[in-house]
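> Show me how the following folds:
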Amino acid sequence: MGTLAINTEDVDSDIYLALGFNELGKGAIGTPRILSLLSSLLEKSVQKNETQSETVNIKDNVAIFHGLRAPTISIQHYIDRIFKYAGCSPSCFLVAYIYVDRFVRQTDVHLTSLNVHRLLITSVMVAAKFIDDAFFNNAYYARVGGVSTAELNRLETKFLFALDFRLQVSVNTFQRYCSQLQKESSEGHQIERPIRACGIKESWSSKSDTQCAPTIAR
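Residues are numbered from 1 along each chain as shown. Now for the predicted structure:
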């Protein structure tokens, strides 16, 4: 689909560079800071809301993203794995989070340890297709994410229809989310986004980071 026309010159340069969105990203060594900030945000959301769900019975209406058991691989390691093998640009991960936020708003889904991994691989794949000049096919992303190609195809379809195919991200929106992440980093508090959880805590056998897991436990 080609690259998304986000003119990074219009984004606050200090925040942009602090989050790791620099133009030298492809040749840079190390992990962009945006990845650790996003994983921390998502982990806090899941932990906080799963604690609340122990006393409140919350039902999710998008069961297709739910597994029967929660993966034991952490959100941080999962995001790092996607970045390592999928070759997505740092900006792709923020756009993916914006998509997840839109998905949450549209479906009233509750973010849990049972669905966060599927939402991540699906949103990152969709973002990569929309904003990056080069990307892999669904079969490859499925291997990276630990799901079958058929399942990822279904997840992508559900995700796109839930978003009503609204994939465009304006510079102002990108800037706003960058600022929110920077605030999260500086204050150490969870960003007030409408992400909720109702999770059931179970386990998923961890996989080596050097191999692509065959499937996410169901």
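> Check the spatially closest residue to residue 163 that is not a sequence neighbour and give its pLDDT.
For residue 163, ignoring the flanking residues on the chain, the nearest one in space by CB to CB, 6 or more residues apart in numbering is residue 102 at 5.5 Å. Every residue, glycine included, has its C-beta placed from N, CA and C. pLDDT, residue 102: 94.
> give me the number of residues near residue 102?
Residues lying near residue 102 (other CB atoms under 10 Å) number 18.
> What strand or helix carries it?
Under the criterion DSSP states H and E, the helix or strand holding residue 102 is helix 90-107.
> Check which helices and strands the next helix-or-strand element following that helix is in contact with.
Where DSSP H and E defines the elements, the next helix or strand beyond helix 90-107 is helix 116-131. Helix 116-131 sits against helix 33-52, helix 75-86, helix 90-107, helix 138-145, helix 149-162, with contacts defined as 3 or more CB pairs under 8 Å, 6 or more residues apart in numbering; DSSP states H and E.
> if you set the cut-off to 6 Å instead, what comes out?
helix 90-107, helix 149-162 (3 or more CB pairs under 6 Å, 6 or more residues apart in numbering; DSSP states H and E).
> Quick one: closest of these to residue 169.
helix 90-107 (5.4 Å; CB to CB).
> Only alpha carbons, please: show the closest one as PDB.
Extracted in PDB, the C-alpha atoms of helix 90-107 (Å, rounded to 0.1, in the frame of the first residue of the first chain):
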ATOM      1  CA  PRO A  90       9.400   2.000  15.000                       C
ATOM      2  CA  SER A  91       6.500   4.200  13.900                       C
ATOM      3  CA  CYS A  92       4.600   1.000  12.900                       C
ATOM      4  CA  PHE A  93       4.300   0.000  16.500                       C
ATOM      5  CA  LEU A  94       2.800   3.300  17.600                       C
ATOM      6  CA  VAL A  95       0.300   3.200  14.700                       C
ATOM      7  CA  ALA A  96      -0.500  -0.400  15.700                       C
ATOM      8  CA  TYR A  97      -1.300   0.900  19.200                       C
ATOM      9  CA  ILE A  98      -3.500   3.600  17.700                       C
ATOM     10  CA  TYR A  99      -5.400   0.800  15.800                       C
ATOM     11  CA  VAL A 100      -5.800  -1.200  19.000                       C
ATOM     12  CA  ASP A 101      -7.200   1.800  20.700                       C
ATOM     13  CA  ARG A 102      -9.700   2.300  17.900                       C
ATOM     14  CA  PHE A 103     -10.600  -1.400  18.000                       C
ATOM     15  CA  VAL A 104     -11.200  -1.100  21.800                       C
ATOM     16  CA  ARG A 105     -13.500   1.900  21.200                       C
ATOM     17  CA  GLN A 106     -15.400   0.300  18.400                       C
ATOM     18  CA  THR A 107     -15.900  -3.200  20.000                       C
END
